[in-house]
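K.L.:
Dropping a prediction and its sequence here:
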Amino acid sequence: HEIKNPLTPIEVLVTSLSKSFSMKSAEEFREQLAQTEKMIGEELGHLKNTVVKFGEFARLPQVTLVRENLREVLDHQVASLTKAFDADIELQSSIPSDIRVALDATLFRQVLTNIVRNGIEANPERRVRFVVTLSTHDATARVLIENSGALVEPSLASRIFDPYVSSKPGGQNMGLGLAIVKKIVIEHGGDIEYVEREGCPGFLISLPQVP
């Protein structure tokens, strides 16, 4: 499941490149080729990191925490996911940019990837829009990821982070994506909860700030 995540954006990028070859000028195509090469390189880098970190069967990797500027990490990762999923993802923040947390950037990207993928797959008949809001409360940094899709059924909402819980019929999904998200966030010393605000579903991540 985790290894497959980077493969979809790679496939989309290659397909787009193939179509552009016959439609764009040589200069335009060279520019797109350079951008595509860079993005695929990033995806392959994340894929290699995932393979290494998930080397032990059925075990999540140990989190390696580094003091990071959360706003800068979100800026980069939201931009990357927007292109990778061809999705509408907006980052909002009205607080100072220097918000520091202890973070494993590779695994935190997996958190955002799983949440975005979950929102897209839960709404196959519509294009959902995502809003990522960064805020603080006391000594806690908060990342709220909301989308414009359907709300989670009440019977599933309380178990949404449990392994093998999925709203998809016929065993199409193993239900591990959000369970992995929960585990990674906890390993960061934080917490995550499913929330609903103004008719929109969302996930609120809380992480302790560091000096």
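P.N.:
Arrived safely, thanks for sending.

K.L.:
can you pull the buried residues of stretch 18-33?
P.N.:
29, 32 (16 or more other C-beta atoms under 10 Å). In this view, the C-beta of every residue, glycine as well, is placed from N, C-alpha and C.

K.L.:
quick one: that stretch to chain centroid distance?
P.N.:
Mean-position distance between stretch 18-33 and its chain equals 29 Å (C-alpha atoms, centre = their mean, to the nearest Å).

K.L.:
Now tell me what touches that stretch from outside.
P.N.:
In this structure, residues lying in contact with stretch 18-33 by C-beta atoms under 8 Å, 6 or more residues apart in numbering are 16-17.

K.L.:
Strands of this structure, start to end?
P.N.:
For the chain, the strands defined by DSSP state E cover 66-69, 88-93, 100-103, 129-137, 140-147, 191-197, 200-208.

K.L.:
chain center to the lowest-mean-pLDDT helix or strand in the chain, what's the gap?
P.N.:
Ranked by mean pLDDT, DSSP states H and E, the weakest helix or strand in the chain is helix 26-53, scoring a mean of 83. Here the centre of helix 26-53 is set off from its chain's centre by 17 Å, with C-alpha atoms, centre = their mean.

K.L.:
Adding mean neighbour count, write the strands of the chain out as CSV.
P.N.:
Shown next, in CSV, are these (neighbours: other C-beta atoms under 10 Å):
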stretch, mean neighbour count
strand 66-69, 13
strand 88-93, 15
strand 100-103, 19
strand 129-137, 17
strand 140-147, 21
strand 191-197, 15
strand 200-208, 20
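
K.L.:
Any idea which of those gets closest to Thr15?
P.N.:
strand 88-93 (19.8 Å; C-beta to C-beta).

K.L.:
Which other helices and strands does that closest one contact?
P.N.:
Here strand 88-93 touches helix 70-85, strand 129-137, going by 3 or more C-beta pairs under 8 Å, 6 or more residues apart in numbering; DSSP states H and E.
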